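Asks: 3D model of this:
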Amino acid sequence: FWWVVIITAIAGVGGTGLGGLIGAVVNGGSMVTIENCGNEATVNAESGNAGGILGNNVNACAPILMNNCYNLGDVTASGQAAGIGGSLGRAIVNNSWNKAAIESGDESNTFGNAATLLAENCYNEKVDNIEGVEKLAEESFTNGELCFLLNGGQTTNVVWYQTLGEDDYPVLDPSHKIVY
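Replies: Numbers count the residues shown, from 1 in each chain. All right, here's what the predicted structure looks like:
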């Protein structure tokens, strides 16, 4: 059994970071693991960095591991902004995707910003030139292609689901259908 967290509303102004799920990681050392979550709310940081999932890993104080995360909420920040992580520091991101408008005070990537970012099987609506993050066309989010790719072409022991014709994008809810 595992929990799935979906954020649909956020209030905040920023500071060191504002995120759909986590604003900032400030004390480091141990790996911070973020799994099976999504943000569908708009994130607007009047100051600092912002991300759909994580706003800021302050001074890259902890290694970040993200698995099975998504962002649909538009992200705006005066500093770095991105759909998955505004400022990730050192991060590994797997099986995650972003489909949102991003506006930043600098030249941020739209998927994630990091000193070291290892991404695998990740997808974005825009081009970022991040190894392991593939640009997908709009229809790939709705027609099941993204869901199929996120599940590695598997039809058993899957994480992502999508009822075609009903879901506009893959979801982390097993009451929906498996795409094959």
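Asks: for this protein, what helix or strand is lowest in average pLDDT?
Replies: In the chain, no helix or strand scores lower on mean pLDDT, DSSP states H and E than strand 5-7, which sits at a mean of 54.
Asks: next helix or strand past it?
Replies: Downstream of strand 5-7, the first helix or strand assigned by DSSP states H and E is strand 17-19.
Asks: Quick one: list the elements packing against that following strand.
Replies: strand 43-45, strand 49-51, strand 54-57, strand 85-87 (3 or more CB pairs under 8 Å, 6 or more residues apart in numbering; DSSP states H and E). Quick note: C-beta positions are derived from backbone N, CA and C, even for glycine.
Asks: Make JSON lines from those and add mean neighbour count to it.
Replies: Shown next, in JSON lines, are those (neighbours: other CB atoms under 10 Å):
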{"stretch": "strand 43-45", "mean neighbour count": "26"}
{"stretch": "strand 49-51", "mean neighbour count": "35"}
{"stretch": "strand 54-57", "mean neighbour count": "32"}
{"stretch": "strand 85-87", "mean neighbour count": "34"}
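Asks: center of the chain - which residue?
Replies: Residue closest to the average C-alpha location in the chain (CA atoms, centre = their mean): residue 84, at 3.0 Å.
Asks: rewinding a little: out of the helices and strands packed on strand 17-19, the one nearest residue 27 is which?
Replies: When the helices and strands packed on strand 17-19 are compared by CB to CB, strand 54-57 sits nearest residue 27, at 10.9 Å.
Asks: So what touches that closest one?
Replies: Strand 54-57 is contacted from outside by 14, 16-19, 21-25, 28, 32, 34, 43, 45, 48-49, 64, 66, 77, 79-80, 84-91, using CB atoms under 8 Å, 6 or more residues apart in numbering.
Asks: now do 7 Å
Replies: 16-19, 21-25, 34, 45, 48-49, 64, 85-89 (CB atoms under 7 Å, 6 or more residues apart in numbering).
Asks: next one: stretch 112-128
Replies: With contact meaning CB under 7 Å, 6+ apart, stretch 112-128 is reached by 60, 80, 82, 84-99, 109-111, 130-136, 146, 149-150, 152.
Asks: which SSE is residue 69 in?
Replies: Residue 69 belongs to strand 64-71 when assigned by DSSP H and E.
Asks: Which SSE is immediately downstream of that strand?
Replies: Using DSSP H and E, the helix or strand that follows strand 64-71 in sequence is strand 75-77.
Asks: Many thanks, have a good one.
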